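Enquirer: predicted structure and sequence below. I'll ask about it afterward.
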Amino acid sequence: MKRLVELWKTVANELANLSNTCATRDGQTVTSRTEHEGLSFLGITLPSFGKAFERGLELGKYDSSSFTALKHRKGECLPAFLQGFTSQVFDPVSGVLLSEPSVDCIYAVRQLTLMFGKILVECSEKRTRDAMQRFVELEEELHDRAGKDIPDLQDFRRIARLLFSDVFAHIENELFSEQLRPKHGPGATADRLTGNRKYGQVEWPVRLEALFPSGEFLIPNIRHYSRIDHVKFLEPEEERPVRVTPVPKTLKTPRIIAIEPTCMQYMQQTVLDLLVRGLESIQPDPRNTRTNLAFDFVGFTSQDQNRSMARDGSISMDLATLDMREASDRVLNLHVVELLSGFPLLREALQVTRSTKADVPGYGVIPLAKFASMGSAVCFPVEAMVFLTLVFLGIERTTKTPLTRKSVSDLRGKVRVYGDDIIVPVHCVRSVIDALESFGYQVNTDKSFWNGKFRESCGGDYYDGMDVTPVRFRRLFPENRSDAEELISLVEFRNHIYHRGLWKTARHLDHLIRPLLGGKYPVVLAESALLGRQSFLGYVTEKLSRNNLAVSHGYVIVAKPPPDPLDGVDALTKCLLRLESRKEAEANPLGHLSPSIADRHLERFGRPRAVYLKLARRPPY
């Protein structure tokens, strides 16, 4: 804890020097509050203040009643804490946003309040229990919604068909032709099969058989059909539920995910491939000259366009950034069925690969009204399509004119959905929010912006075109070199801080990191395999290798997959699937490993159980 406080004070003092103020008393406050409150002050209290500060930027005035955990001087609206920075953004007495606020101070406040907001530390048991209870309560809400009439359902279906019909029709053709590419995901499964063991799965829901026959997806060819004799076919009531579990997100609340059974995960990846390839292609079917109308409005593989639009919106103030609350857990399966109205094959593909019940710790097995929780491979693209449809429903309500292909195309560069990060024109924002909420979704107003000059989307934060994204400290400080993940994270934080121009802080971290690495801490480029410090001056070469390569002495990251031998029919199935995949280079879970290890995928496979550092000589570039 002491080193976290020392890091905070180092960052604060450097930012204070850059902003012509002093942070000495702020450092004393952090020291005192952390001694009494522990990590929660850094990870919960300060981020809460940071969010209140953001709302002030959005509303044009800081509301002193929005955050009361810090002391105020008599007669002043702003807290005494960090007032050297905040007073260069808001008037200290009235709290009104200054006509020309300091962007440097806006960044400083965000860096100092949000730096530890997403540190990967487990929540308290009570917070975890509360999150599980919320999962169950939300499911009860969804069941209640599913029994009620849905407003504007006809318009929802019409707009979905307008946006996605060309893509859906192409996907239906691919499903009909049965040219599919299943694959196992790298994550955990509800039946606890990992790595190569997934290729020996022995459970298959009867629901899958009609569209995805086991004889086509579990064995390499018909000669090995006897392998199917070992498969247990599950009736709907026998199907394995998803396993609901918490994973670290913030100190305030965990992220609740649902781990899918192997068979479901396997076929979800098949449908995911069809959706992503179709939706991200400007012309999904080469035989059809019509372009994909949804192209540029929705994306799954790159967040750059969302960030660019958020930056532009912070300048022009004509684009709003919206964030959804409990996004995936609120997508009603009934909405997905209606989204795919008129496309029975694709609708069936999504329904048969959807788990219908969940095993929730403390609550047992419950039925699911939601389409899928985080953990399903198709959760992300499906929620994005539902949200995009509702966005255009809201836009249509604003214009009071039925949408056409031309009117939708005219909105390119003004509308974008990436998961639950949404960008829309400001003049449509109220109508878009009404459309989303009329279908039971909730816009997180604390993280949505359209009034001021602050915008936030996909991890990019901007004020008047300037990047004010804080650098996040993700893990606790390492104690020694064996704390490899913590040490790697610390070096990454150091390099990000350096590129933000906080060079004194970077030097402070260098003094802490160098002893942990035994002095082997070279200056490298970002592309180097060596764990080292980056510099605007380039890299430093220590010597030439035997083949005249410039090399430096340092540590490389080693993450070997665990031993997991696979042979026989299951090994043949895996090899044929790998050969058939057109996207093997991107999708291969071993892509980050050396070719020698990747070539031995029948001997070692799966997520590494441990990461460690190995001393080596490698090019610093």
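Expert: Structure received. Numbers count the residues shown, from 1 in each chain.
Enquirer: all strands of the stretch 351-500 of the chain, in order?
Expert: Taking DSSP state E, counting those that start in this stretch, the strands of the stretch 351-500 of the chain run over residues 357-360, 364-367, 416-418, 421-425, 442-443, 454-457, 460-463, 466-467.
Enquirer: what packs against the third one?
Expert: Right, strand 416-418. Here strand 416-418 is seen to pack against helix 304-316, helix 379-399, strand 421-425 when contacts are counted using 3 or more CB pairs under 8 Å, 6 or more residues apart in numbering; DSSP states H and E. (C-beta placed from N, C-alpha, C; glycine too.)
Enquirer: still on that earlier bit, out of the strands of the stretch 351-500 of the chain, deepest packed?
Expert: Each of the strands of the stretch 351-500 of the chain was scored by mean neighbour count; the highest is strand 454-457, a mean of 26, by mean count of other CB atoms under 10 Å.
Enquirer: now the helices and strands packed on strand 416-418 in JSON lines, with mean pLDDT?
Expert: Formatted as JSON lines, these follow (pLDDT from 0 to 100):
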{"stretch": "helix 304-316", "mean pLDDT": "97"}
{"stretch": "helix 379-399", "mean pLDDT": "97"}
{"stretch": "strand 421-425", "mean pLDDT": "98"}
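Enquirer: distance to Asn495 added to those, as a markdown table?
Expert: Output for the helices and strands packed on strand 416-418, formatted as a markdown table (distance: least, CB to CB, whole Å):
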| stretch | distance to Asn495 |
| --- | --- |
| helix 304-316 | 20 |
| helix 379-399 | 29 |
| strand 421-425 | 26 |
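Enquirer: right, and these - which one's nearest Pro220?
Expert: Set against Pro220 and scored by CB to CB, the helices and strands packed on strand 416-418 come closest in helix 379-399, at 29.0 Å.
Enquirer: for that closest one, buried residues please.
Expert: 379-398 (16 or more other CB atoms under 10 Å).
Enquirer: so how far is the longest helix along the chain off the chain centroid?
Expert: Looking across the chain with DSSP state H, the single longest helix is helix 153-177. In terms of CA atoms, centre = their mean, to the nearest Å, the centre of helix 153-177 is set 26 Å apart from its chain centre.
Enquirer: next secondary structure element downstream of that helix?
Expert: Sequence order places strand 203-205 as the next helix or strand after helix 153-177, per DSSP states H and E.
Enquirer: and that following strand, what other elements does it pack with?
Expert: Judged by 3+ CB pairs under 8 Å, 6+ apart, strand 203-205 is in contact with strand 232-234, helix 262-279.
Enquirer: parallel or antiparallel, list what pairs with it.
Expert: Partner strands for strand 203-205, per DSSP bridges, with pairing direction: strand 232-234 (parallel).
Enquirer: hmm, who's touching the longest strand seen in the chain?
Expert: Longest strand of the chain, by residue count under DSSP state E: strand 550-558. By CB atoms under 8 Å, 6 or more residues apart in numbering, the residues outside strand 550-558 that reach it are 481, 484, 488, 517, 520-524, 529-532, 539-545, 611-621.
Enquirer: buried ones only from these, please, as a PyMOL command.
Expert: Entered in PyMOL, the line below selects the buried ones among the contacts of strand 550-558, by 16+ other CB under 10 Å:
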select buried, resi 481+484+488+517+520+521+522+523+524+529+530+531+532+539+613+618+619+620+621
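Enquirer: out of the contacts of strand 550-558, which are inside strands?
Expert: Those of those mapping onto strands are 523-524, 530-531, 543-544, 612-618, per DSSP E.
Enquirer: and the furthest pair within those residues?
Expert: Farthest-apart pair in the ones in strands among the contacts of strand 550-558 is Leu544 and Tyr612; separation 27.9 Å (CB to CB).
Enquirer: poorly predicted segments of this protein, please.
Expert: Applying pLDDT under 70 to the chain flags the ranges 580-599.
Enquirer: pop the domain breakdown of it in here.
Expert: Following the assignment in automatic domain parsing, the chain carries domains at 2-114, 130-191+240-463, 518-618.
Enquirer: so which of the ones you listed is nearest Leu502?
Expert: domain 2-114 (5.3 Å).
Enquirer: next one: that closest one to chain centre, how far?
Expert: Offset of domain 2-114 from its chain centre (CA atoms, centre = their mean): 27 Å.
Enquirer: for the longest strand of the chain, which positions count as buried?
Expert: Within strand 550-558, the residues scored as buried using 16+ other CB under 10 Å are 551-555, 557-558.
Enquirer: among the residues you listed, which one sits closest to Gln283?
Expert: Nearest to Gln283 out of those is Ile557 (CB to CB; 40.2 Å).
Enquirer: residue contacts, Lys71?
Expert: Lys71 touches 79-81, counting by CB under 8 Å, 6+ apart.
Enquirer: rerun that using 6 Å as the cut-off
Expert: By CB atoms under 6 Å, 6 or more residues apart in numbering, the contact list for Lys71 reads Ala80.
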